[in-house]
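Chemist: next comes the sequence, and after it the predicted model I'd like to discuss.
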Amino acid sequence: MRCILYLVLILAVHAVYSQSDSKNITISSLKEKIDFEKGDAINPVLIKHSSETIYTCNEFRTSTQVVEFYNDQAGIDDVEIFVSDKRVTKSTNIRNEAYSSEGIFYSDQKVVYFNLPLEKKGNSSEVRIKKTIKDPRYLSEFYFDQEYPVLFHQVTMVIPAWVTTEIKEFNFSGFQITKSTEDHSGTKTIVYTATNLPAIPRENASLGITYTSPHIMLITKEATVNGSTITYFKNTADQYNWYASLVKQIGNDDTAIKAKALEIVQGKTTDMEKIKAIYFWVQQNIRYLAFENGIAGFKPEKAQEVMRKKYGDCKGMANLTKCLLTSLGFDARLCWIGTNHIAYDYSIPSLSVDNHMICALNYKGKTYFLDATETNIGFDEYAERIQGREALVEDGANYKLVHVPTTMNLQNAESETRVLQIDGTSFKGTATQTYSGESKEYLLSGIESVKKDKLETAIHNYLNDGKKDYEISDLVMTNSKPDEGKMTLKYNLVHKNAVSVFGNEIYVDLDFRKSYSGFKIDTAKRKLDYLFPFKFNDITETTLQVPDGYQAQSLPASYIVQHPVFDIKVSYTKQPGKIIYRKEINVKQALLKKQYFSDWNKAMDGLNDFYNNQLTLSKP
Amino acid sequence: MKRASAFLLTICFFSSAIWAQNSDYDKIATGLKTEIWGSKDPDFEGNTVPDQYKNESAIILAKRYNIDAKIKKHFSLSVYGNKEIIFKYLIRQKVLLQDKSALEDFSEISYNKINKSSFGLLFAKHDDLSTYIGARVYKKDGTMKEVLLSEAVLVKDEKNKKDEKLAISDLEVGDILDYYIVSLEKREMSNLDPMQFLLAGEYPILKLSLQGNIDKRYAVEYKCLNGAPDLKISKDEDGDMQFTIKTTDLSKFPVYKWISPYRQAKIVRLNISLCGGLYSRCEAGEVTKGITEDEIYNAQKNKLRNIALGYIQGTFAKEEKNYVKENIKLLKKRLGKEPSKDSLIYTIFNSLRYYGYYSPEANDKIYPGKSKNEASMPSNLFNALVCFILKDYGIENELIFYSSRYMPKIGDLMSYDQPLYMVHVNGAKSYYLTDDGIFSECGLVPGYAEGEKGVTLEFHDIKALYYNKSKYMDQGTSKIPISKADKNMQTEDLKVSLALTATPTASVDRKINATGLLKEDLQKSLMLYEDYYQVAWKQQGEEKTFIQVFADRGKTRSLSEEWQNSFTKSRETYKDGFIENLKDAYNSEPKELISYKVDKTGLGINEPFMFSTKFVMQDWLKKAGNNFIFEIGKAIDLQFQINEEDRKRSIDIYEPFARTYEFDLAVEIPAGFSVEGVDALNKKVGNECGSFTSTASIQGNQLIVSVKKEYTNNFEPAANWPKLMLFIDAASDFNSAKVLLKKK
């Protein structure tokens, strides 16, 4: 498990390719082969992987960038490049660099990349790569679809008798994929052949390719070398044992940790106060910097080192959180977990199953999951990406599988309550906005990225949508720390040019933000389910004091939509001297499946129609 | 600081010398650390910050640059000589971090630890560079911690190239970070890369010093721009040069819209070189203010002489010359008489533009879509060629050497700067000609050149230029003209019909006509190469398109098909440009785009760029009982709005160019409805900086609204900002304008 790295790499490879070349270039053939070999004492079982990819130009000459990742565990032995049947390896400028990306400070991940020309319509270019994977645990999955449409993709796995493996298949339905198996004196040759695959769709706000792309996972369970059996991952217990063996090597300094823990909880009297103090201290004082160098990608940094450096990654922070809590006598444990971008759970023993580490705390019969990498989330609140996910929790020599709770969308609530009067062609009044859960976290993270001297202006611009007619003053922010619960922003406002006066009639629009206006999904283009960042509850309420002598003409009818995934309710109500506009939008699940796109669009149309209805106040 | 080697604030040459062995590296690192931390620089003593800075993201308490260049003799087999430079460059900064944003900025240092290369005859030329860093953290409680450099990680680990990265441990908001980066470079004696020091950046600087110690075999050229303090110059007993700047209380550089940092920020420009370059005035052992206009004239003249030689001998632009000749022949044939001066100028310019940009060669890459729209070429060469060819056809002209408005003024140029060229044809009608990309218009001065004063060179003929016959050459000055606002105009003609239903919509027939400097952005964003190529090709009077030419030859036949395929592909994206144009204009996507077309490419003589779209908007109308509110202000495009924080402005305003925007709306009033609120649409605000005018009236069954916004000048002093705000605010207020459509 490396903190989110796996996912980032997959996405990075596909981000390199130009969408506009999606029909011009096709992969006419991709052949991959896996062989097992016996290695040395340090790496007794090696996997040799070869691939031959033929790119064909269909419309007009162009070029593509070929990218291949490697690291300390999976090295590139050879690269051969052919352009229109001529070997050009020596004359190609092959770049070789450390791979860096947002959030990963340093990793042993390297990338080889070069420009591959496609000389002419009808011509092909070929790339052959040979790799050695030193430890079968590090063999990554085989995805049948690629950045370009694939006409033919064959994966051949030769499994000798001295190796026991298992193959898992994912997302085959709807694709043309066949499998054949041959057995010659104990050596199994398994061949998967896929034909006519469309290019991997690259769409924002999606769960990720593990859910949709057809692929296979080759799990090496055990191997017999020189008479002794090496166990890799036969089952979850093996995987846990491997993780646990790394954890045993950490070398935490209990004395230093306890001293720090006592310092953090000084003045706190109850257990819960102490627990929260520890969690928020790690969350707020340790910067996230991921080091994914070889085994460092799997072994947490020593807790005292994370404390000293004031930076660490998910493993370092989880370990530090756990150690600080256990030093005070609490039952805290490390847990490995895969975020929601990973389709698998621990029923599959593989390094691909998880990409994150958090801390679990058992207290008075309840398990709390503490993720210090969520920089501004509250205690007992959970980010969408880990909700409902299976966590592998350490339990000494054993392990437990526990699910992180799924919360209601009310955890991430936002509200805006305004009380307005009309003053000429302006609104004047007060507003109170509240944020909690992930809504609050997003806002706080945004605030932290702004320079101090620009902060007030930035917040004003955020609150008034950048519209200078909406003047904000006397802003008071309360509960802006993550441990303080619901955050509130109160301010006075003058909204100029908001009111249209024509003779004896006044026309007003009581919804300033018109959230989700025009937020429709292009059902013709979009192929994948739509993933909201998190589920939420959003309430907008505006109370307008009706000027003396005026009354509202008929109020627009309410608009209500109830759906398994989302609810919308917008209405006007009349009270003596007042009109109250109320809008509540609930997105109850973060994932909006494709089958619901037309329902969503219809709801957006209805919401837009409602927004387009203004209120008329007139003198009778 | 995260962004490569901490040179956020400077556009600096950054070179370092290497000592090959690791143990040497460590020894030098230790030595430098002792030297720098032990230097007792008073600027770096003390950690107090005045209260006025309490609200800043970070404050740089002290910043120091040291530049040292020493020449030494060494043993070498090289035929190039036996001297080498030891060049040392130090930057040291002490910064108080007051928020998380600053913590992110300063928490990591990346550097090129070692970079060795060997080249030249017998590999005797070498370039050894190494970088040394040191950092200390002063905590809030006053304790000081030395940062462990052993925590740096290697991000590139090759034999002769190592790059490292260090995340600073135990760094928190409220801490003070004192760090240095020293580059040492040892290489064959040569010029150093030019350096620039920006004396204002993202954070206020309390104390800044720049010190140089340069071997007397070098010459130091410098200029201090925009009020930057002058260098204090001295020499030591060896005759080596010292220079110093010491300054305090430098504010942040304000980032507003419409600025030109090279003309507004305090900058110190330095060039440390060996004499013998293009400029003859260069004295070893002296620190002198940089080049004069005379020197610019002489240097550019000498460059042109080289180009002239190639032109005369036929090694430069022979094909272009022949192509122009062919086109002039065709022109004469078409006219049936000798062409006028105007026709000659247009034909020469447009032929060279066509030859350079429009017709691909067989081995050119195929770039579908709009990528060709951004094409550029070496402008100065193009302009020199225009000058020479005009001369060949008897059209007298001069070359102006000038600097862009977004680069230092001509008086602030250094010897290594390359001024821009412009051709000026004088006469009853003046022409200013320059290449400015694939859509260059003959006689259109780019916005970045307007108003610039340049040095001119006029010569009798090209031979006189080459032989440097001063009798037949003239030096002068010239000011490039500034276009008036009515020359750069965008007119929008909008015919709007309203469907007043339960879901009201506005159908719009929008025609845009753009002239002058307002054409280019639209041309680039909307036109496909295939379309404007066809127009340009016809204008040139060529017999065959390049695709037909390719098709005719066996070797290039497949290219013909491939180019055609690339055009088909780019056609798929044609619509997107128009949708983006509407989204930008209205900050909202149209409900439906019915039709879209470029009507005129703007490539012809005095030709505007014209395009039309028909679309439906659904957020321009609101229902209000039986009536409707038409948010008519939205129809005039989203106007520039001045943010709260930009309303007080202290630096001059560099507009791109003077320009006018006009909107003529004709809204059909649906039967059964009357319009209220028309009078409120009439507004007039204006002054010498610009204006905003809107007039509205009912004419028959139409609501006619005319809006005009003008930016009168391309430059305003800061004091005029309130005058600009008047009409800019009026325009952005108009975006909120509404009328009532009342049911009769």
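Modeler: Good, I have the coordinates.

Chemist: now do the end-to-end distance for stretch B:664-681.
Modeler: The stretch stretch B:664-681 measures 13 Å between its terminal residues, going by CA to CA, to the nearest Å.

Chemist: near chain A at all, it?
Modeler: Yes. Counting by CB under 8 Å from any CB of the partner chain, contacts between stretch B:664-681 and chain A involve B:Glu676, B:Gly677. Glycine gets a C-beta too; all of them are placed from N, C-alpha and C.

Chemist: avg pLDDT for that stretch?
Modeler: Averaging pLDDT along stretch B:664-681 yields 96.

Chemist: now it: buried residues?
Modeler: By 16 or more other CB atoms under 10 Å in any protein chain shown, the buried positions in stretch B:664-681 come out as B:Leu665, B:Ala666, B:Val667, B:Ile669, B:Phe673, B:Val675, B:Glu676, B:Gly677, B:Val678, B:Ala680, B:Leu681.

Chemist: what sits against the closest residue to the fourth one other than its chain neighbours?
Modeler: Read it as B:Ile669. Spatial nearest neighbour of B:Ile669, chain neighbours left out: B:Asn701 (5.1 Å); criterion: CB to CB, 6 or more residues apart in numbering or on different chains. Contact partners of B:Asn701, counting by CB atoms under 8 Å, 6 or more residues apart in numbering or on different chains, are B:Glu668, B:Ile669, B:Ala671.

Chemist: what's the pLDDT at whichever residue of the stretch 251-400 of chain B sits closest to chain A?
Modeler: Proximity to chain A, evaluated over the stretch 251-400 of chain B using CB to the nearest CB, is greatest for B:Ile366 at 4.8 Å. We have a pLDDT of 90 for B:Ile366.

Chemist: ok, B:Ser15 next?
Modeler: At B:Ser15, the pLDDT value in this model is 28.

Chemist: how about B:His460?
Modeler: 89.

Chemist: distance of it relative to B:Ser470?
Modeler: Noted for B:His460: a distance of 11 Å to B:Ser470, by CB to CB, to the nearest Å.

Chemist: those two: who's more crowded?
Modeler: When B:His460 is set against B:Ser470 and neighbours are counted by other CB atoms under 10 Å in any protein chain shown, the residue ahead is B:His460, at 14 against 11.

Chemist: list the contacts of that one.
Modeler: Listed by CB under 8 Å, 6+ apart, the contact set of B:His460 reads B:Lys469, B:Tyr472, B:Met473.

Chemist: the last one pairs with what?
Modeler: Just to be clear, that refers to B:Met473. With beta bridges defined as DSSP bridges, B:Met473 has these partners: B:Phe459.

Chemist: correct me if wrong: it contacts B:Lys301.
Modeler: Yes. With contact defined as CB atoms under 8 Å, B:Met473 reaches B:Lys301; the gap is 7.5 Å.

Chemist: list residues touching both of those two?
Modeler: Taking CB under 8 Å, 6+ apart as the criterion, B:Met473 and B:Lys301 both touch B:Leu457, B:Leu465.

Chemist: so what's B:Pro481 up against?
Modeler: Under the criterion of CB under 8 Å, 6+ apart, the contact list for B:Pro481 reads B:Ser430, B:Tyr432, B:Val445, B:Glu450, B:Gly451.

Chemist: most neighbours, which of those?
Modeler: For the contacts of B:Pro481, the largest number of neighbours (other CB under 10 Å) sits with B:Val445, at 24 neighbours.

Chemist: let's verify the nearest residue to A:Gln176 once chain neighbours are set aside: helix, strand, or coil?
Modeler: Once its chain neighbours are removed from consideration, A:Gln176 has its nearest residue in A:Thr195; the separation is 4.9 Å (CB to CB, 6+ apart). Recorded secondary structure, A:Thr195: strand (DSSP: H, G, I helix; E, B strand; the rest coil).
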